[in-house]
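Undergrad: this is the structure alone, sequence omitted:
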């Protein structure tokens, strides 16, 4: 696998522009890197693949992707490997995981005040102690009554380091050219004459102030877990290999001369935003209209303000919410410890099994 020494600098890139710009664009507003997260160092043991463009993904992407592998260091498409924690039977991986849960995770949870007193956890531990086989214990994680506890246990393979930030300055902007059509439609829908002067004025008056807050996350396998993977799989004996999907993926990943790269961590940017509707409220619009259009009586002003605040604000908020309810993947991380796993003595046997 590739051994590439990279500068350990976290940089957030735009989802639409070249990486050299060091920017990310949200809701048609371009934010500079140093206004968001500044500089942050990544653990020196990890290889850091910085993306030229941020990947916009659903919110569960990073949890499901940790432990996958890619064709090569520069690839982005994930393939299942150490993230195979479904109901399937993967004897090699299941053994590592069940031992990890039994020796480390469950003892820790028994002293966790948010978990130890839960009735389902207490019952789970009782049932767990009655079982000795790795396959039996794995099935217990997926029993309906223990689904929530099972998710907590499996998530403990992963550590999440967070760094919150507030944007240094709020961003005030006008909306795009479609605002004119929206305003005109809202006025007409309320039987208000949408003359050019009124529409043009409202198009320039309707502005917003958007304040961005968020969290940068470094999501990665726990070091102890990766160490267990290395000890269990590096130089593994032929008698322990199987023909299940994990075994096949392991040999594709760790074969001699392989350039595959495991994704043992991600740098994730999660954004929240708050839209300041002070310029979109009925009262402020009434005052603006009264000052600008002296011939309008109070009734007409009230109708116009209501049409704008009710019909337009909902569209603005929906559009804004849709754009921030995602996560941005900016870096793939690969642990050198996992990258060093090789099972070269098994290559011949696996190739025979796959034919």
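TA: Done, it's in. Just so it is clear, the model here is predicted, and its values are computed rather than measured. Numbers count the residues shown, from 1 in each chain.
Undergrad: and the strands in the stretch 51-200 of the chain, which stretches?
TA: Applying DSSP state E, counting those that start in this stretch to the stretch 51-200 of the chain gives strands spanning 69-70, 158-166, 171-174.
Undergrad: any idea which of those scores lowest on pLDDT?
TA: Among those, strand 171-174 carries the lowest mean pLDDT, a mean of 51.
Undergrad: tell me the span between the first and last residue of stretch 229-245.
TA: Terminal residues of stretch 229-245 lie 17 Å apart, using CA to CA, to the nearest Å.
Undergrad: buried stuff in it?
TA: Residues of stretch 229-245 classed as buried: 229, 230, 232, 233, 236, 241, 244 (neighbour count, 16 or more other CB atoms under 10 Å). Placement of C-beta: from N, CA and C, glycine included.
Undergrad: and the gap between the closest residue in space to residue 300 that isn't next to it in sequence and residue 186?
TA: Spatial nearest neighbour of residue 300, chain neighbours left out: residue 192 (7.5 Å); criterion: CB to CB, 6 or more residues apart in numbering. Per CB to CB, to the nearest Å, residue 192 is found 8 Å from residue 186.
Undergrad: one more: residue 339?
TA: With the distance defined as CB to CB, residue 339 ends up 57 Å from residue 186.
Undergrad: check residue 259 too.
TA: 57 Å.
Undergrad: which of the two has more residues huddled nearby?
TA: Neighbour totals were compared for residue 259 and residue 186, and residue 186 leads with 21 against 12 (other CB atoms under 10 Å).
Undergrad: where in the protein is pLDDT low?
TA: Within the chain, the ranges that satisfy pLDDT under 70 run 1-47, 50-59, 165-179, 203-212, 237-239, 273-284, 308-326, 344-355.
Undergrad: for it, longest helix please?
TA: Ranked by number of residues, the top helix in the chain under DSSP state H is helix 298-311.
Undergrad: please name every helix or strand in contact with it.
TA: Counting contacts by 3 or more CB pairs under 8 Å, 6 or more residues apart in numbering; DSSP states H and E, helix 298-311 packs against helix 178-189, helix 196-205, helix 282-292.
Undergrad: nearest to residue 328, out of the ones you listed?
TA: Proximity to residue 328 (CB to CB) singles out helix 178-189 among those, at 24.8 Å.
Undergrad: now do the closest one against helix 298-311, angle only.
TA: 120 degrees (axes from the mean of the first three to the mean of the last three CA atoms, to 10 degrees).
Undergrad: mind listing what's buried along helix 178-189?
TA: Within helix 178-189, the residues that qualify as buried are 179, 180, 182, 183, 184, 186, 187, counting by 16+ other CB under 10 Å.
Undergrad: what of stretch 147-164?
TA: Within stretch 147-164, the residues scored as buried using 16+ other CB under 10 Å are 149, 150, 152, 153, 156, 157, 158, 159.
Undergrad: doesn't residue 333 lie inside a strand?
TA: Yes. Judged by DSSP: H, G, I helix; E, B strand; the rest coil, residue 333 forms part of a strand.
Undergrad: wait, doesn't it sit right on residue 66?
TA: No. Assessed by CB atoms under 8 Å, residue 333 is found out of contact with residue 66, at 9.3 Å.
Undergrad: give me the common contacts of these two.
TA: 220, 263, 264, 265, 266 (CB atoms under 8 Å, 6 or more residues apart in numbering).
Undergrad: surely the first one is in a helix?
TA: No. Using three-state DSSP, the assignment for residue 220 is strand, not a helix.
Undergrad: skipping its backbone neighbours, what lies nearest it in space?
TA: Nearest non-adjacent residue to residue 220 (CB to CB, 6+ apart): residue 265, at 3.0 Å.
Undergrad: residue contacts, that neighbour?
TA: Residue 265 touches 46, 66, 218, 219, 220, 221, 332, 333, 334, 335, counting by CB under 8 Å, 6+ apart.
Undergrad: now list the buried members of the residues you listed.
TA: With burial judged by 16+ other CB under 10 Å, the buried subset of the contacts of residue 265 is 46, 66, 218, 219, 220, 221, 332, 333, 334, 335.
Undergrad: in TSV, list the residues you listed along with distance to residue 272.
TA: Output for the buried ones among the contacts of residue 265, formatted as TSV (distance: CB to CB, whole Å):
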residue	distance to residue 272
46	27
66	23
218	19
219	18
220	23
221	27
332	24
333	24
334	29
335	30
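Undergrad: count the neighbours of residue 93 for me.
TA: Residue 93: 27 neighbours (other CB under 10 Å).
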